[in-house]
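> requesting a structural model of the entry that follows:
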Amino acid sequence: DRGTMVYIEDWDTFHAEAEKLYLEHPAHTRYVLKYRHKDGKLVLKVTNDRVCLKFTTDQAQDVKRIEKLNNLFVTHMCGKDPHEVTEVDDSVQQKADRPPSSEDTGAAPKKRRGKR
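All right, here's what the predicted structure looks like:
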């Protein structure tokens, strides 16, 4: 008995169906991201061995969407509800998006020593 493979062209549909598939069978669902250099395409596959959902893109703006889907799966795998986003989570994410500064590390600026 082979599973069904479904190519989904609309991102929002793929995102919703992939999350639904994971929530129905969390222990059996796999998420694969593959970059095909010869085509310049990213291929996402979510499968539980019975249903296989695929999404293909060559658009750079889809990388941000893919990152959000990846974060969604990781959050589910950690046992948290990703739809309960708090303001604390948002501020942590904003800090993660910018490079660290001396304020973040709590370290005082280093003093330079000249030749003596």
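
> gap between the residue nearest the centre of the chain and Arg113?
Nearest to the mean C-alpha position of the chain, by C-alpha atoms, centre = their mean, lies Asn70 at 2.0 Å. Using C-beta to C-beta, to the nearest Å, Asn70 is found at 45 Å from Arg113. (Glycine included, C-beta is placed from N, CA and C.)

> circling back to that earlier point, ramachandran angles for the residue nearest to the centre of the chain?
Backbone torsions for Asn70, taken as degrees, to the nearest 10, come to phi -60, psi -50.

> pretty sure it contacts Tyr22?
No - judged on C-beta atoms under 8 Å, Asn70 makes no contact with Tyr22 at a distance of 12.0 Å.

> what touches both of those two?
Common neighbours of Asn70 and Tyr22 (criterion: C-beta atoms under 8 Å, 6 or more residues apart in numbering): Tyr31.

> ok, which stretches of this protein are helices?
11-24, 62-77, 87-97, 102-105 (DSSP state H).

> which secondary structure element of this structure has the lowest mean pLDDT?
Lowest by mean pLDDT, DSSP states H and E among the helices and strands of the chain is helix 87-97, with a mean of 55.

> still on that earlier bit, check contacts around the residue nearest to the centre of the chain.
Tyr31, Leu33.

> do the same with Ile8
By C-beta under 8 Å, 6+ apart, the residues touching Ile8 are Phe14, Glu17, Leu53, Lys54, Phe55.

> now, the most widely separated pair of the residues you listed?
Greatest spacing in the contacts of Ile8, by C-beta to C-beta: Glu17 and Lys54 (10.7 Å).

> which neighbours do the two have in common?
Joint contacts of Glu17 and Lys54 (C-beta under 8 Å, 6+ apart) are Val6, Ile8.

> so where is the chain shaky, pLDDT-wise?
1-3, 85-111, 116 (pLDDT under 70).

> at 80 what do you get?
1-4, 80-116 (pLDDT under 80).

> tell me who's in contact with Lys41.
With C-beta under 8 Å, 6+ apart, Lys41 has these contacts: Tyr35, Thr56, Thr57, Asp58.
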